[in-house]
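J.: For reference, the sequence and a predicted model appear below.
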Amino acid sequence: MVRSGRGRRILGAGLRRSGLRRGPRARRADVHRPHRRGTAAPARRSGARRRRPAGAARCGHRRRRRGGGRVLPAGLALRHRARLAREGGSVSGTAGGPDPVLAERTQPNGAPRRTRTTGLPPGIPARPGEPWSDDPYAHALRTGRGPLFLRRLSPPPRPYGTAEEADQLLPLDVERWCAVPDAADTVVLNRCTGPVLDVGCGPGRLVCALAARGVRALGVDVSPAAVARTRRHGGSAVRRSVFDRLPGEGRWGSVLLLDGNIGIGGDPFALLARLRTLVAPGGRLLAEAAPRVEEERLTVRVEDSRGRHGRPFPWARVGSAVLLSTAEAAGWTPAARWTAEGRPFVELHRPRSGHRDACLTAAEGPGRP
């Protein structure tokens with residue numbers, strides 16, 4: 001290679017810009033002295049290295065950003081959720097149970113999205129719901145498992161007579177309610193004449209069993225979960241109170257009042273008088289009494305083993321003897337009394353004539369318990 005300028009200069013190994021090298025140094029390469037005797041390293045093949053093809057765009061499901069902020073690691077995300085729950089944030093105050101439930105949350109732009117939330121961490125107080133329609137009762141009906149209780153909030157009017165009365169938690173047999181009818185239930189079903197109205201039907205085991213027999217039956221309950229489960233298993237049910245306007249008033253052949261539902265409203269006399277208006281003349285009422293109890297009126301609330309509960313409401317518990325005497329005062333005629341599987345039952349008939357219609361007025365007050 002020739003460079004223009006003063007004379008002709010050859011550029012190459014062993015030459016410097018200042019001029020030509022002369023003598024033995026002219027034949028030596030222009031290499032730094034420490035590297036002159038070392039072996040040359042192999043050339044890198046980074047350009048020829050095989051590269052894997054680019055994958056598809058990822059959605060970022062492994063790690064999410066909350067509110068457009070930084071990415072939270074798994075452990076920190078759990079602590080963040082617990083803190084939000086304590087502060088009343090994204091975790092529901094009454095949702096819970098061992099299984100996670102889906103809850104609605106809102107993105108920053110206002111669009112709803114579905115996320116998973118779990119129950120309250122330990123130590124967080126629960127919020128009360130509606131009686132018989134709050135999360136503890138609804139969750140028990142959805143899962144078919146307890147434990148579920150009625151907690152006493154007011155003492156009985158007289159000293160406790162038994163250990164059961166002294167207990168502040170009255171267990172509710174959710175597993176039996178959600179199962180098929182047992183032997184004691186079958187005895188009651190065999191005494192029914194259609195059409196049948198089941199007051200406080202719960203998960204609807206009796207309504208569904210009657211429907212399977214070809215008997216017209218309708219369940220009444222204030223719990224949306226109870227009505228939904230009854231319909232899901234093939235029964236008919238309406239979400240109403242027994243004191244609301246009901247279909248077929250005065251034309252029902254039988255009315256069922258089992259599983260402690262004699263305590264609805266906290267006034268057995270008012271309940272029995274109301275049921276008498278629902279049954280056709282000559283119809284019957286099949287009721288279950290409380291075992292080992294004479295009479296007890298109290299204020300309770302539904303509660304589960306985790307302390308979640310609903311609002312307080314009046315309740316009553318009466319034994320067979322008090323139930324029969326109260327029913328007579330309300331215009332019923334006692335027909336039978338028996339015990340099955342440790343559960344006491346009574347059968348009451350409405351007279352075919354207008355006998356004792358006048359006894360349902362307020363003048364009959366002394367006959368009330």
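T.: Done, it's in.
J.: Look up how far residue 270 lies from the closest residue to residue 290 other than its chain neighbours.
T.: Setting aside the residues directly before and after it, residue 290 is nearest to residue 317 in space (CB to CB, 6 or more residues apart in numbering), at 4.2 Å. C-beta: built from backbone N, CA, C; applies to glycine. According to CB to CB, to the nearest Å, residue 317 and residue 270 sit 16 Å apart.
J.: Excluding covalently adjacent residues, which one is nearest to residue 316?
T.: In this structure, residue 316 finds its nearest non-sequential neighbour in residue 263, 4.1 Å apart by CB to CB, 6+ apart.
J.: what sits against the one you found?
T.: By CB atoms under 8 Å, 6 or more residues apart in numbering, the contact list for residue 263 reads 315-318.
J.: Which strands border the host helix or strand of the residue nearest to residue 290, and is each parallel or antiparallel?
T.: Element membership for residue 317 (DSSP states H and E) is strand 313-318. In the sheet, strand 313-318 lines up against strand 295-304 (antiparallel) (DSSP bridges).
J.: Report the mean confidence score over the partner strand.
T.: The pLDDT scores in strand 295-304 average 88.
J.: same check, this time on stretch 254-264
T.: Mean pLDDT, stretch 254-264: 94.
J.: List the buried residues for stretch 311-319?
T.: The neighbour-count check on stretch 311-319 (16 or more other CB atoms under 10 Å) flags 312-313, 315-319 as buried.
J.: and these as TSV, adding distance to residue 135?
T.: Shown next, in TSV, are the buried residues of stretch 311-319 (distance: CB to CB, whole Å):
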residue	distance to residue 135
312	16
313	16
315	20
316	25
317	25
318	29
319	32
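J.: biggest separation within the residues you listed, which pair?
T.: Farthest-apart pair in the buried residues of stretch 311-319 is 312 and 319; separation 23.8 Å (CB to CB).
J.: which residues of the stretch 101-250 of the chain fall in strands?
T.: Here the stretch 101-250 of the chain has its strands, by DSSP state E, counting those that start in this stretch, at 101-106, 112-117, 148-152, 169-172, 196-199, 217-221, 237-239.
J.: neighbouring strands for the last one, and are they parallel or not?
T.: What that stands for is strand 237-239. Neighbouring strands of strand 237-239 in its sheet, by DSSP bridges, are strand 217-221 (parallel).
J.: For residue 335, list the residues it contacts.
T.: Applying CB under 8 Å, 6+ apart, the residues contacting residue 335 are 284, 347-349.
J.: And it, how close does it get to residue 347?
T.: To residue 347, residue 335 is 4 Å away according to CB to CB.
J.: Return every residue with contacts to both of these two.
T.: Both residue 335 and residue 347 are contacted by residue 284, under the criterion CB under 8 Å, 6+ apart.
J.: which element is residue 285 on?
T.: Assigned by DSSP H and E, residue 285 belongs to strand 279-288.
J.: number of nearby residues for residue 249?
T.: Burial measure for residue 249: 13 neighbouring residues, criterion other CB atoms under 10 Å.
J.: How many residues are close by the residue nearest to it when sequence neighbours are not counted?
T.: Spatial nearest neighbour of residue 249, chain neighbours left out: residue 278 (5.5 Å); criterion: CB to CB, 6+ apart. Using other CB under 10 Å, residue 278 is surrounded by 21 other residues.
J.: Next one: residue 278 from residue 272, what distance?
T.: Plainly put, residue 278 is 11 Å away from residue 272 if you go by CB to CB.
J.: hang on, residue 306 is in a strand, isn't it?
T.: No - read with DSSP: H, G, I helix; E, B strand; the rest coil, residue 306 is coil and lies in no strand.
J.: Starting from residue 312, give me the distance back to it.
T.: Distance from residue 306 to residue 312, by CB to CB: 18 Å.
J.: what does residue 250 give?
T.: For residue 250, the distance to residue 312 - CB to CB - is 33 Å.
J.: again with residue 150
T.: From residue 150 over to residue 312 (counting by CB to CB), the distance is 10 Å.
J.: what do those two both touch?
T.: Counting by CB under 8 Å, 6+ apart, the contacts common to residue 150 and residue 312 are 300-301.
J.: What strand or helix carries residue 323?
T.: helix 320-329.
J.: by contact count, what packs against that helix?
T.: Contacts defined by 3 or more CB pairs under 8 Å, 6 or more residues apart in numbering; DSSP states H and E place helix 320-329 against helix 268-278, strand 279-288, strand 333-340, strand 343-349.
J.: out of the contacts of residue 263, which one sits closest to residue 257?
T.: residue 318 (11.3 Å).
J.: Tell me who's in contact with the closest one.
T.: Applying CB under 8 Å, 6+ apart to residue 318 gives the contacts 262-263, 268, 289-290, 293-296, 326, 369.
J.: and the residues you listed as JSON lines, adding distance to residue 180?
T.: Compiled in JSON lines, the contacts of residue 318 are given as follows (distance: CB to CB, whole Å):
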{"residue": "262", "distance to residue 180": "23"}
{"residue": "263", "distance to residue 180": "25"}
{"residue": "268", "distance to residue 180": "29"}
{"residue": "289", "distance to residue 180": "23"}
{"residue": "290", "distance to residue 180": "24"}
{"residue": "293", "distance to residue 180": "27"}
{"residue": "294", "distance to residue 180": "32"}
{"residue": "295", "distance to residue 180": "32"}
{"residue": "296", "distance to residue 180": "30"}
{"residue": "326", "distance to residue 180": "31"}
{"residue": "369", "distance to residue 180": "35"}
